[in-house]
Each structure stands twice: as C-alpha cells, then as structure tokens.
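Novice: Fold the following, please.
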Amino acid sequence: MNLNEALGHAVDGNALLFVGAGFTYGATAANKLPFPTRQQLSERLMEACGRAGSAPDLPAAARFFQREKGVDQLATFIRGAFSVYTYTSTQAAVPSVKWRRIYTTNYDDLLETVFKKIGKPLIPVTLSKNAAEFASQDNVCIHLNGFVRGLTASQLETELKLTTLSYLTETVSNSPWSFLLRSDVRSARTVIFLGYSMYDLDVQRLIHSDEATRGKYHFVIAPSADDVEVANLEEFGRVHAIGCDEFAKLLNEKVRSHIPADEEELFLCFEKIEVPATVASPRDEDLFDLLLKGDLRPELVWRAMTNPAISSYYKR
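Specialist: From the prediction side, this is the model:
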C-alpha cells in the first residue's frame, strides 16, 4: 500500500492516526515559546531553577524543579509549556477527515484545539480512564503519556508521565488499553504515524508489528531524517520523509479529489463480520452459556483470536 492509497483510506474513515512530537512543529504554547521536545523541556526546567546549561534527563529535571519550587509551580510550568496559543495550517488539516481513533504520546492540547475550531469536539482521554467506556467512540484522542489541560498538582504523578517511555510500555501493556489499541490496529485499513521518530519506538513495540499488519504502517517524518532513523522505522512499515507540511498538502488534495469507496458490499454466500468495539473479558456465565447452550458473544471470540493470553476460544 502506498501513501496515496493510505490517504484514501483516511478520507473513507478507515485510518488510525498516531501523533508524535514532530507534529507540533511551528505551533506555540501559552508561554509564547515553541512546544519543547523532551530534551528542551529538561533544559527549560533546569534554567528556571537557575541551572542553565545543565541538562539531565527529563525525570531528574522534573524532580529537581519540584524540590526547588514545589509541585504547584511544576504543574503551572507544564501547563504553560503545552497549552496551545497558536497553531499552523498544517495542524489544522488533520480534522479534515474522520479518523477511526487518534492516539498520541504528546502532553499538549493541540489536536483538541484544532478539532474544536471547526466544530468537531475531540474528547481527550488518558490511561486512568476506563477503556471500555470509550471503545465504541471515534471522536476521542487517547493521550498515552497524559494530558495537560486542567492539570493539577495532584495529577502530576497519576495523569502526566514525566518519566521514560519504557514506563509507558509497561503501563499500557498491563491495562485494557493494550487490547483496544491492538484491536484498533487490526480493524483499521491503514495506520499513519505523524511526526514520530526512532525515539518513539516503544509505541510500535506495543502494537507488535507482524506480517499481518506491517503493510498498514506509514511513518511521516522530517525530510532531514538521517539514514539511521529511516532504517529503524523501516523495520515496522513504510517511511515517507516528506514532513508534516507536505503530508497536510497531500491530505487536503486527497479530500478534494477522492471518490469515496462504495460502502454497499453485497454478500451472497458470506456474512460480513464487523469487528466489535469492546475490551470485555469473558465471565463465568459466558463460558457456561457457550458450553451448555451454544450461545456465544462475537466480541469475546474476536478478543480471543487477537489476544493469545485469552483462552476461552481456540483457532482450528
């Protein structure tokens, strides 16, 4: 599948979107500065503490800032660094299609802001919420590392992850969000990663690229990306070093020119199976109904087929 075909699936509403830090390039935050990378955020935290030139990793910088200025000041600093003040036409192009769902490792409220601007409310969701409540909704943005809007001091440890991405992997893998994410990937026709780099690979490890899904993945990265970064991402899918600006142009052109796929599919000898949107686990009564009555729940069959850890159904 090439990028043009992937954009067609996006316009048809059959694409999943992952947004990384590179997507925020050109936007400014409430503090009138560009959105920082993890390294830049660490430097700014240390500079605010009078330690300019010192740049430990982000967890260490956040802990130092909290010790020096307090947790309330840290929450205020983070809100100022990641609340949107201005955004670009590139970022405003994303709401032009209906994504199956959006995932992001970013803290900021950029996506929610551009969607709201055109009258398409986007609900921000963090991993502390119940995944089952949002499984059937497509107007949500799942913030894997936490969300800045309304952030309070008490939420810094629970809602916002200023730690390493390996902690993200552990958190998602041990929660119902892991199943929902993998289910979304399998049911989408294509998965587009916008503004990601080789340093965001923990997200790709969560969805376990394999032959069944590898052809779906499209990574849009900066034209200046080096060979090492391209090679790393090519292990997971197709890489397009065109930048977010060019991607937005191509997306807008596709929206204008695309002929929607015919949704009326005629099945004479087969029944079309819709992928259930659920993260439910089998209960004792479900197993009894299956064994004694022959009753089954399609959503549990789907979960068992896509999650080897569930043993209520087996492939033949």
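Novice: give me every residue that touches Pro260.
Specialist: Val11, Asp12 (Cβ atoms under 8 Å, 6 or more residues apart in numbering). Every residue, glycine included, has its C-beta placed from N, CA and C.
Novice: Lys117 now?
Specialist: By Cβ under 8 Å, 6+ apart, the contact list for Lys117 reads Ala92, Pro95.
Novice: make it 7 Å
Specialist: By Cβ atoms under 7 Å, 6 or more residues apart in numbering, Lys117 lies in contact with Ala92.
Novice: Show me the residue at the heart of the protein, geometrically.
Specialist: Among the residues of the chain, Tyr103 comes closest to the average C-alpha position under Cα atoms, centre = their mean, at 1.7 Å.
Novice: a strand runs through it, doesn't it?
Specialist: Yes: counting by DSSP: H, G, I helix; E, B strand; the rest coil, Tyr103 is part of a strand.
Novice: Quick check: phi and psi on Leu45?
Specialist: Note on Leu45: its backbone torsions stand at phi -60, psi -40 [degrees, to the nearest 10].
Novice: doesn't Phe65 make contact with it?
Specialist: Yes: using Cβ atoms under 7 Å, Leu45 is in contact with Phe65, at 4.5 Å.
Novice: Of those two, give the one with the bigger neighbour count.
Specialist: Higher neighbour count among Leu45 and Phe65: Leu45, with 29 against 23, using other Cβ atoms under 10 Å.
Novice: Okay, the residue nearest to the centre of the chain and Arg63: tell me how far apart.
Specialist: Tyr103 sits 27 Å away from Arg63, going by Cβ to Cβ, to the nearest Å.
Novice: List the buried residues in stretch 238-251.
Specialist: Arg238, Val239, His240, Ala241, Gly243, Cys244, Asp245, Phe247, Ala248, Leu250, Leu251 (16 or more other Cβ atoms under 10 Å).
Novice: ugh, wrong one, stretch 3-12
Specialist: By 16+ other Cβ under 10 Å, the buried positions in stretch 3-12 come out as Leu3, Ala6, Leu7, Gly8, His9, Ala10, Val11, Asp12.
Novice: Repeat that for stretch 48-64.
Specialist: Counting neighbours by 16+ other Cβ under 10 Å, one finds that the buried residues in stretch 48-64 are Ala48, Arg51, Ala55, Leu58, Ala61, Ala62, Phe64.
Novice: Leu151 versus the first one, what's the distance?
Specialist: It stands for Ala48. Per Cβ to Cβ, Ala48 is found 17 Å from Leu151.
Novice: Also the fourth one?
Specialist: Computed as Cβ to Cβ, the Leu58 to Leu151 distance reads 16 Å.
Novice: does Val239 sit in a helix or strand, and which one?
Specialist: Using DSSP states H and E, Val239 sits within strand 238-240.
Novice: so where's this protein uncertain?
Specialist: Of all residues in the chain, those with pLDDT under 70 make up the ranges 161, 163-171, 173-174, 197-212, 261-280, 293, 302-303, 305-316.
Novice: Can you pull the domain assignment for it?
Specialist: Domain assignment for the chain by automatic domain parsing gives 3-27+87-257, 28-85, 280-316.
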